[in-house]
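A.B. asks: Just to be clear, the model below is a prediction. Sequence and coordinates:
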Amino acid sequence: MPPIHPRPAVRSCLACAAPAPMRGGPAADPAPRHALRVRPGLALRALVVGGLALAGWLPLGAQAQTVYVSSEKDHKVHVLDAAGKLQSSISVCQRPRDLKPSPDRARIYVVCGDSNQLGVIDRASGKQIDGIKLGDSPELLDLSPDGKTAYVTIEDESVLAAYDLASKKPLFKVRTGGEPEGVLITPDGKTAYVTSEDANVVHVIDLAARKVVKDIKAGQRPRRFALSPDGKELWVSNELGASVSVIDTGSQSVKATLEFKIAGLRASDITPVGVTMTRDGQTAWVSLGRANQVAEVDVASRQVRRTVLAGKRAWGLALSPDEAVLYVTNGLSDDMTLIDTRQGKAIRTVAAGRVPHTPLVLAR
Amino acid sequence: MQARTPPSLPSNRHGWRRTATLALGAALGLSGLAPLQAQTGKPTAKASATVATSATDKVALISLDDDPRYATRRLEQAYPGHPGGRLLDAVQLGIDDSEVALRGIRHGLALQDARATRLEALPELLAKLKQERAKFWLLDLPPEGVQLAVKAAGSTALLFNLSAPHDDLRGAHCAAQLLHTLPSHAMLQDALVQYLAARSWQNAWVLQGPSADDALLLAAWNRAAKRYGIKTAGIRAFKLSGDPRERDLANTRLLSADRQHDLVTVLDADGEFARTLPYATQQPRPVVGSNGLMPLAWHPQWERNGGPQVSRRFRKLAGRPMTGQDWSAWIAVRSVVAALVEQPQASAVGHAQALRSGHIFVDGAKGPRLSFRAWDGQLRQPVFLAHGDGVVGLAPLDGVLHPTDVLDTLGIDQRESTCKAAP
């Protein structure tokens, strides 16, 4: 694994040429939640950062967040600062994919697809400190609200498997359609939603009864989820359907389908994978895969507000804690694009290891 | 070839094996650590479930006992691009993978491994299948067999040609209810030549075998080379021979002594000669075509778009790597199920119309969603450019454009098609 250097890519220079973003320096930001707490010794740095911002760069270095990126072919989780500068790399199990923090944010769980493990990363020491044996080719995970149980989609066994994190023991498996992928546990911990990429359905799983209670037909190759903050709408990305299915969680049925259309691209070039929502439930971000873009969608009207160019096969998505920056992993160009969510512009693109899978952003 | 048949199968040759007919309640209740069906190794009779299915359709995999492609010694050779074994496992995988979709429409599929001893005995078998109202015929047959099946089926069945790449089955001999899931000769050669054009490997030295199929390969090569401006610097016929009097026909160095070419294209439907050619040419030139860099429908080392999962599931079931023919059989079943999900009650004609409308899509784990061409029933699909060890390119190549669908840059496009039959 060669060291990762932030490299200004052509894409980010689109942002360079743009006028200075509104969130320029601390002074320009009406709610500079980090800058207000800047220690005197950092004031000069803040000024410098502000100067950079005038030249078109956001003051990402001044923000207090850490970005973890799983890199499938490096068998590492790379640790970057808010601006995308590589800080360190954590050696983990083989083919790391999904990342989820423990409720206290002290640990990160990483699903390893080749070594069939759930790696446990200790954030303080920056090391994988433990591993839990999983089924064959695990893909994505979610945790129970109490953080005690991990629910993992096991691709090659076509099951959702539950594991007790304390005892490291498997609890139960629920059979799904082929190639289960996305998994989302509802905030009450009672229900799991799981996509089957192969069967084109979303399974509704009753976790107490440990069985599928409903199959909801989604679009072609459904991948991942975002649940609206009020819990009423579940958004599902359909990779080969060029769409998002909006599921009404009350009636457990698809109430709308949002099809992405981009001038100059055919439907077959638009392959949505990642989807995430802002805390106010007003905005959804959807990565459009081979279209190399992410879409900003107005949740209420289900209209695309704008699309932003990222890298090749944009898929993994994560918002910064203040939701000012969207981190997008690009699976085919081995990099990560940082997007200013207010401007709707790519700020820069940084190297992120071989086949970056999932970004996870945590407050420092 | 009998030895390769899984032990549980001979009985299927005389009856229909119900599969994927899980009762809704039973299926939904499948949980916990109970043994799971799709994980069981060899296909076993799955007549277990009590059935809440509204209907069961019969799927017949039709092939010949004496098919030379499946002779034991022939399979040992494992020439690239050739089948690695009979297609029953791939069909079974397609059905296993469709379990949830079939559950959703409460539909079952019953599979029969229908084999005629030889081509002459095929009409009798086909008549029997027609009488038994087998709705989906999966044809693993030589072109003559495909034509016999078309004649025998009339409008009662939907036919999938799984393993004959011949363009005339998609042209002059096409049929309304005949679909093709394997790429045609024209598609394969277009894919190869697109790659050469993208690399600016301009001058090809062509070595052609003696068989009728080799002549078809040459015709497809010539068509593709003309389309993409690849020059044929010369064509030499080769012959497998140890006879010193024929060494100009058999010696790889004498056959490739010309100095004015960038690459050697070998067109060898059989595979034996082509295998001897890479690294054995006189000039240091890459070999493409039937060996070296090859256009293939599937490669077990394809590592994107869900490819490893499909290959792994197949290997688990069949105990061997997945070939293009296996992929073709698997995607045919997926297409059957996609059509059933759309219209569970439709007739064979209705399914043919729906699939050939181009609005039903299947996921072939090659990247884009796939659909059938309206004009000749061919499944449009990307083609891998691969060597024995891995995939180096995917056609359509970046930069190749088409007015409606870039996948239609591979093979016979609407305006060139001579197919007149439509459902």
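C.D. replies: That came in fine, so what should we check first? What you see is a predicted model; the values in this text were computed from it and never measured.
A.B. asks: Could I get the CA-only coordinates of the lengthiest helix in chain B as CSV?
C.D. replies: Assignment by DSSP state H gives helix B:324-342 as the longest helix of chain B. Only the C-alpha atoms of helix B:324-342 are listed here, as CSV (Å, rounded to 0.1, in the frame of the first residue of the first chain):
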residue,chain,number,x,y,z
GLY,B,324,-20.1,-18.8,-20.7
GLN,B,325,-22.5,-21.6,-21.5
ASP,B,326,-23.3,-22.0,-17.8
TRP,B,327,-23.9,-18.3,-17.5
SER,B,328,-26.2,-18.5,-20.6
ALA,B,329,-28.3,-21.2,-19.0
TRP,B,330,-28.4,-19.4,-15.7
ILE,B,331,-29.5,-16.1,-17.2
ALA,B,332,-32.1,-17.9,-19.4
VAL,B,333,-33.8,-19.2,-16.2
ARG,B,334,-33.6,-15.7,-14.7
SER,B,335,-35.3,-14.4,-17.8
VAL,B,336,-38.0,-17.0,-17.6
VAL,B,337,-38.7,-15.9,-14.0
ALA,B,338,-38.5,-12.2,-14.9
ALA,B,339,-41.2,-12.8,-17.5
LEU,B,340,-43.3,-14.8,-15.1
VAL,B,341,-43.1,-12.1,-12.4
GLU,B,342,-44.4,-9.6,-15.0
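A.B. asks: Give the next helix or strand downstream of that helix.
C.D. replies: Going down the chain from helix B:324-342, the next helix or strand is helix B:348-356, by DSSP states H and E.
A.B. asks: other SSEs contacting the helix or strand that that next one is followed by?
C.D. replies: Downstream of helix B:348-356, the next assigned helix or strand under DSSP H and E is strand B:362-363. Contacts defined by 3 or more Cβ pairs under 8 Å, 6 or more residues apart in numbering or on different chains; DSSP states H and E place strand B:362-363 against helix B:324-342, strand B:369-372. Just so you know, the C-beta spots here come from the backbone N, C-alpha and C atoms, and that holds for glycine as well.
A.B. asks: Deepest in the core, which of these is it.
C.D. replies: Burial of the helices and strands packed on strand B:362-363 is given as mean neighbour count (mean count of other Cβ atoms under 10 Å in any protein chain shown); helix B:324-342 ranks first at a mean of 26.
A.B. asks: and that one, how far from the chain's centre?
C.D. replies: 11 Å (Cα atoms, centre = their mean, to the nearest Å).
A.B. asks: Close to chain B: what parts of the stretch 151-300 of chain A are there?
C.D. replies: Residues of the stretch 151-300 of chain A lying close to chain B (Cβ under 8 Å from any Cβ of the partner chain) are A:155-159, A:170, A:172-179, A:196-201, A:210-213, A:215, A:217, A:220-221, A:240-241, A:266, A:268, A:290.
A.B. asks: quick one: is stretch A:313-325 near chain B?
C.D. replies: No: using Cβ under 8 Å from any Cβ, stretch A:313-325 stays clear of chain B, with a minimum separation of 9.0 Å.
A.B. asks: in stretch A:104-123, what's buried?
C.D. replies: Buried positions in stretch A:104-123, judged by neighbour count with 16 or more other Cβ atoms under 10 Å in any protein chain shown: A:107-113, A:115-121, A:123.
A.B. asks: how long is that stretch from one end to the other?
C.D. replies: Using Cα to Cα, to the nearest Å, the end-to-end distance of stretch A:104-123 comes to 11 Å.
A.B. asks: How about that stretch and chain B, touching?
C.D. replies: No: Stretch A:104-123 lies apart from chain B when judged by Cβ under 8 Å from any Cβ; the minimum separation is 9.5 Å.
A.B. asks: Thanks a lot, see you next time.
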